[in-house]
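Colleague: Turn this into a model:
(one chain, ligands or ions: 1)
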Amino acid sequence: MLLANRRLRATLPIIIAVVGLGIGWALSVGLSGYYVFLGISAITAIIAVLGLGVVTGSAGIIALSQLTFAAIGAWVVSWMSYNEVPGGFAVWLLAGGIAGGLAGILIGLPALRLRGVNLAVVTLGFAAAFDVMLVQVQFPGSVDGVAVERPALFSSDREYFFFAIIVLVICALVVSWLQRSRIGSSWKAVAFSERGTAAVGQSVSMAKLSAFAVSAALGGVSGGLLAGQVQLPFASSFSPIQSLALYILAVMSGAYLIDMAIFGGILWVLVPELLKKWGVPQDWGFVVFGLLGIQALTSGSNLGEGIRGIFRARTKKRKEAESALIAGDVGTSVLDVFAVPEAAEPVPADAPPVLEVASLGVQFGALKALDDVSLRVRPRSIMGLIGPNGAGKSTFVDAVSGFLPQHTGKVLLEGEDITHMNPAARARHGLRRTFQQDRVPPQLTVESYVHFVTRTRIDYDELSDALTFLGCPSPEERLSNVDVGTRRLIEVAAAVLAGPKVLILDEPAAGLSHEEHLLFGQRLSRIPSRFDTAIVIIEHDLDLVRTVCTEITVLDFGRVLAQGPQQEVLENPAVIAAYMGDAEMSS
Ligand SMILES: Nc1ncnc2c1ncn2[C@@H]1O[C@H](COP(=O)(O)OP(=O)(O)OP(=O)(O)O)[C@@H](O)[C@H]1O
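Modeller: Below is the predicted model:
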């Protein structure tokens with residue numbers, strides 16, 4: 001049943017594409033001439049909105065120049081048609097898309113440094129500047145009235161409508177595939193947390209630039225298609241105000257969902273048409289889109305999420321009822337379910353450390369947050385890093401994982417100096433970390449998140465076993481449906497499954513109940529031998545530290561107060577004094 005569902009989900013885009021083509025063909029022969037024209041306009045808008053769904057909806061980047069990329073695509077197609085470049089319309093369209101994509105990368109470069117309003121200003125400024133230039137330069141052929149040549153097989157309006165449907169289906173399939181791929185996950189991750197993205201070895205710049213490139217390429221294709229539709233394109237079709245309205249439409253509809261991008265593109269054509277029918281100037285359409293956008297931004301949701309929320313709530317209720325029935329039959333301990341074999345060889349006592357930190361120092365202004373901190377982590381060991389609030393534990397994790405490059409001292413991973421690597425490179429080398437705050441992008445499913453973090457596809461059964469062992473929900477579960485405590489467990493599970501040499505966990509059990517804490521401890525203590533991973537855990541709950549840690553390092557005021565085997569450290573009078581007043585210490 002599960003397998004059948006998974007297969008259906010994998011082939012669903014193809015089935016929908018075939019059905020879409022069928023409907024498109026039926027519409028191309030059934031609609032009257034004017035509606036065919038409107039249909040083509042809707043398709044060009046849908047493709048542009050699909051692009052915005054990638055850059056804004058998925059990657060969370062404000063981009064207000066989508067129709068400028070469309071203008072670039074239209075210009076390239078017009079120029080190639082005017083100069084009779086061999087290959088025909090399909091090749092010109094592809095070239096228009098590539099030109100749009102390249103322009104997107106250029107405009108995306110500032111996005112690596114800018115955010116929010118500043119980025120909005122840059123993209124809108126680019127749109128305005130290009131608009132002025134376009135009015136001067138004009139589209140090739142527009143002055144002497146040389147029309148863009150449509151594809152030979154699709155030269156009539158009806159045929160061109162079907163051609164546009166084919167292009168839309170291809171674009172939607174590509175977007176659907178990208179959204180499900182690791183690169184699509186990186187867009188959603190970067191929208192949620194740049195630090196979280198870098199911590200799993202994904203370049204933040206690459207995630208942002210690829211989103212810009214794909215989005216702008218779709219803009220280019222949309223413009224190229226429009227050039228073939230109108231055959232004599234004009235600058236007024238690509239004005240910055242229209243880009244702005246299209247952006248609002250994408251935000252309002254939730255255009256990272258393909259069906260909602262289609263809905264948004266249809267609205268783009270439908271609203272002005274209705275206004276025209278009612279005798280209202282069509283420009284009032286922008287006001288309508290603006291109001292819908294304000295509603296979406298103030299409510300913090302969009303139409304697509306709203307509709308899906310209703311369906312998900314129903315499915316959740318049904319699943320809860322089903323699992324309540326099944327729960328009575330389960331007798332096996334979750335700890336027994338896991339099938340991954342134990343790592344074979346025990347670690348020799350004189351094995352070199354897998355992580356060595358030497359004389360680490362971090363200064364914030366006058367404050368020495370870390371001062372000459374050194375530690376060595378043995379392979380497959382669990383080291384507890386403890387200390388009072390403000391002792392420097394999180395600063396230590398940030399420095400070791402590369403998020404505080406201004407630190408002094410050295411970090412060696414299996415003897416290799418990684419001090420000068422950025423966080424993503426350190427992660428790829430096998431030093432992974434989790435965060436005190438939730439950094440798990442809620443738009444993903446558990447499976448796609450694990451795929452994103454591990455950078456590889458894990459066999460479904462193996463993944464399910466590992467998730468069960470770590471107390472996580474099933475691979476299909478959406479992260480937006482689980483509570484923060486569980487999301488943090490999933491973060492740990494994914495990091496473990498990435499097979500790091502060293503995994504640093506920053507208060508991983510925060511948000512769990514006391515019983516869950518203890519169960520988590522039991523699970524955690526089995527990870528090093530099963531996954532051949534060493535763990536450094538920051539934890540305030542000394543019960544958990546006692547349960548899982550073989551070695552402990554205590555930080556106080558940024559310095560190492562004590563270090564060594566668990567019992568020895570916890571009985572150290574200086575450590576007890578540092579924790580004085582902390583009831584947990586004496587328990
Ligand atoms: N970005 C920063 N700028 C200035 N001071 C900072 C910064 N980050 C941390 N500090 C200071 O550095 C010291 C160490 O902070 P850190 O968060 O590492 O402690 P911690 O041991 O993790 O505390 P907690 O257990 O409360 O998380 C604190 O005095 C903190 O105020």
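Colleague: shouldn't C549 be in contact with I537?
Modeller: Yes - with contact defined as CB atoms under 8 Å, C549 reaches I537; the gap is 6.8 Å. To be clear about C-beta, it is placed using only N, CA and C from the backbone, and glycine gets the same treatment.
Colleague: Show me the common contact partners of those two, please.
Modeller: 382-384 (CB atoms under 8 Å, 6 or more residues apart in numbering).
Colleague: Out of these, which is nearest to the ligand?
Modeller: G384 (13.0 Å; CB to the nearest ligand atom).
Colleague: do the helix or strand where the closest one lies and the ligand meet?
Modeller: Using DSSP states H and E, G384 falls within strand 382-386. No - shown here: strand 382-386 not in contact with the ligand (CB under 6 Å from any ligand atom), separated by at least 8.8 Å.
Colleague: And for that strand, what's in contact with it?
Modeller: Outside strand 382-386, the residues that reach it (CB under 8 Å, 6+ apart) are 375, 377, 393, 396, 524-525, 528, 534-540, 542, 545, 548-555, 566.
Colleague: For the protein, name the helix or strand with the lowest mean pLDDT.
Modeller: When each helix and strand of the chain is scored by mean pLDDT, DSSP states H and E, helix 334-337 comes last, with a mean of 42.
Colleague: Where does the prediction get shaky in the stretch 301-450 of the chain?
Modeller: Low-confidence regions of the stretch 301-450 of the chain, defined by pLDDT under 70, span residues 312-349.
Colleague: Just the pLDDT for L3.
Modeller: Looking at L3, its pLDDT is 57.
Colleague: Go ahead and confirm A255 touches I262.
Modeller: No - between A255 and I262 there is no contact under CB under 8 Å: 9.1 Å.
Colleague: Look at the two and report which has more neighbours.
Modeller: A255 (33 against 21; other CB atoms under 10 Å).
Colleague: Regarding the more buried one, which helix or strand does it belong to?
Modeller: Applying DSSP H and E, one finds A255 in no helix or strand.
Colleague: Excluding sequence neighbours, find me the nearest residue to it.
Modeller: G53 (3.4 Å; CB to CB, 6 or more residues apart in numbering).
Colleague: now do Q363
Modeller: In space, Q363 is closest to A369, 6.9 Å off (CB to CB, 6+ apart).
Colleague: Pretty sure that neighbour sits against A391.
Modeller: No - using CB under 8 Å, A369 makes no contact with A391, being 9.2 Å away.
Colleague: Need the overlap of contacts for the two.
Modeller: In contact with both A369 and A391: G558, using CB under 8 Å, 6+ apart.
Colleague: residue ranges with poor pLDDT in the chain?
Modeller: Using pLDDT under 70, the chain drops low at 1-6, 300, 312-349, 580-587.
Colleague: What residues does it have near the ligand?
Modeller: 364, 367, 369, 387, 389-395.
Colleague: in the helix or strand just after the least confident helix or strand of the chain, what's buried?
Modeller: Next along the chain after helix 334-337, taking DSSP H and E as the criterion, comes strand 355-364. Buried residues in strand 355-364, defined by neighbour count with 16 or more other CB atoms under 10 Å: 355-357, 360-362.
Colleague: Am I right that I552 sits in a strand?
Modeller: Yes - per DSSP: H, G, I helix; E, B strand; the rest coil, I552 lies within a strand segment.
Colleague: strands paired with the strand holding G384, and their directions?
Modeller: strand 534-538 (parallel), strand 551-556 (parallel) (DSSP bridges).
Colleague: ends of stretch 532-549, how far apart?
Modeller: Distance across stretch 532-549, first residue to last, is 16 Å (CA to CA, to the nearest Å).
Colleague: Sorry, wrong one. I was asking about stretch 80-94.
Modeller: 11 Å.
Colleague: go on, stretch 137-149?
Modeller: 20 Å.
Colleague: How far does it sit from its chain's centre?
Modeller: 41 Å (CA atoms, centre = their mean, to the nearest Å).
Colleague: And for stretch 386-395?
Modeller: On CA atoms, centre = their mean, the centre of stretch 386-395 falls 30 Å from that of its chain.
Colleague: For that stretch, which residues meet the burial criterion?
Modeller: In stretch 386-395, counting by 16+ other CB under 10 Å, buried: 386-388, 391-395.
Colleague: Show the subsequent helix or strand relative to the top helix by length along the chain.
Modeller: Counting residues, the longest helix in the chain under DSSP state H turns out to be helix 2-30. Next in sequence after helix 2-30, counting helices and strands by DSSP H and E, comes helix 33-52.
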